[in-house]
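In: sequence and predicted structure below; questions after.
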Amino acid sequence: MPRYIVRLSDAGRDWYLEWSTVVDAPITYGASLDEFREHYRSEYGEDGMRHLDERLRRVAANGTSSQMGESAEQLISGNRAGDDESELSMAAIIQKYCLSRPAD
């Protein structure tokens, strides 16, 4: 099952995270693009990095790396990102996974 890169925006700041279609929720916390690139390199190695720029071009165009052109809003619709797999709004996902992320 795919993992998509998703860009969420709040108050002029962009957050990048990985979204799992298996759990219908983020599997990473939101990060700046530079932080996300570091995570991606650490997680997928140099081999994975060969495809990152292509995926990020789709994110820049659509808000997600989905090859079907899904927007972030479409992708998160019906999510299970909340407590007890409840659905969260975009604002609640940003609060929980971006603004309230634990310190490194």
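Out: Received the coordinates, thanks. Predicted model only: the values in this text are computed from it and were never measured.
In: residue closest to the middle of the protein?
Out: Centroid-nearest residue in the chain, with C-alpha atoms, centre = their mean: L17, separated by 2.7 Å.
In: so which helix or strand takes in that one?
Out: Here L17, judged by DSSP states H and E, is contained in strand 13-20.
In: buried set for that strand?
Out: 14-19 (16 or more other C-beta atoms under 10 Å). C-beta: built from backbone N, CA, C; applies to glycine.
In: and the following helix or strand past that strand, which strands flank it?
Out: Sequence-wise, the next helix or strand downstream of strand 13-20 (DSSP H and E) is strand 25-26. If you go by DSSP bridges, strand 25-26 pairs up with strand 13-20 (antiparallel).
In: hmm, who's touching the strand it pairs with?
Out: By C-beta atoms under 8 Å, 6 or more residues apart in numbering, the surrounding residues in contact with strand 13-20 are 1, 3-9, 25-33, 35-36, 59, 64, 75-76, 94, 97-98.
In: repeat that for 7 Å
Out: Applying C-beta atoms under 7 Å, 6 or more residues apart in numbering, the contact partners of strand 13-20 are 3-8, 26-31, 33, 36, 75, 94, 97-98.
In: narrow these to those that are buried.
Out: Buried, going by 16+ other C-beta under 10 Å: 4-8, 26, 28-31, 36, 75, 94, 97-98, out of the contacts of strand 13-20.
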